[in-house]
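Colleague: Just to be clear, the model below is a prediction. Sequence and coordinates:
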Amino acid sequence: QVQLVESGGGLVQAGGSLRLSCAASGRTFGNYAMGWFRQAPGKEREFVATISRSGRSTYYTDSVKGRFIISRDNVKNTVDLQMNSVKPEDTALYYCAATNTVYLDTSRGAYNSWGQGTQVTVSS
C-alpha cells in the first residue's frame, strides 16, 4: 500500500481558488491511479476527480467539471487538486485515495489507500 498525506485546505471565499496537495510514500506511486473524494457533514463520501497512472487521463464528477483540475507528478509523488470558482457547496473534508485498478474508477470501494483528509470551507 501507499501512505497518503493531504495538505492545502482552509477557508476561502466563494469564487476564490484553493489548491490541495497529496504526498505519497511507500510503494511505486506510478503504479496507482489516484482520486479525490469529499465528505460534507451528514453526507456520504463522494467522488470528486480521478487521474490515471500516467496522468494522461482524468475524470470529474459533473458538479466540479470546468472548475477543478486534478494533476500528478510521478517524480515528486504528488497529486494535486486545483479548485477554482469555489462554491459554498464545495465545503467538505477532502480525501486523497489510491487504487491499483488500471482504469479510471469513481467508486469508493476501488480505492485501498486513503489519507486523513483536509478541510475545505467556502464562505458565501
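Modeller: Alright, I've got the coordinates.

Colleague: Could you use CA atoms for every contact and neighbour count after this?
Modeller: Noted.

Colleague: And the spatially most central residue of the chain, how far from residue 7?
Modeller: Among the residues of the chain, the smallest C-alpha distance to the mean C-alpha position (CA atoms, centre = their mean) belongs to residue 36, namely 2.2 Å. Remark: distance between residue 36 and residue 7 (CA to CA, to the nearest Å) = 12 Å.

Colleague: helix or strand for residue 19, which one?
Modeller: Here residue 19 sits within strand 18-26, counting by DSSP states H and E.

Colleague: Tell me the buried residues in that strand?
Modeller: For strand 18-26, a neighbour-count test (16 or more other CA atoms under 10 Å) marks 18-24 as buried.

Colleague: Likewise for stretch 85-92?
Modeller: Within stretch 85-92, the residues that count as buried by 16+ other CA under 10 Å are 86-87, 90-92.

Colleague: again with stretch 69-85
Modeller: Within stretch 69-85, the residues scored as buried using 16+ other CA under 10 Å are 69-72, 74, 77-81, 83-84.
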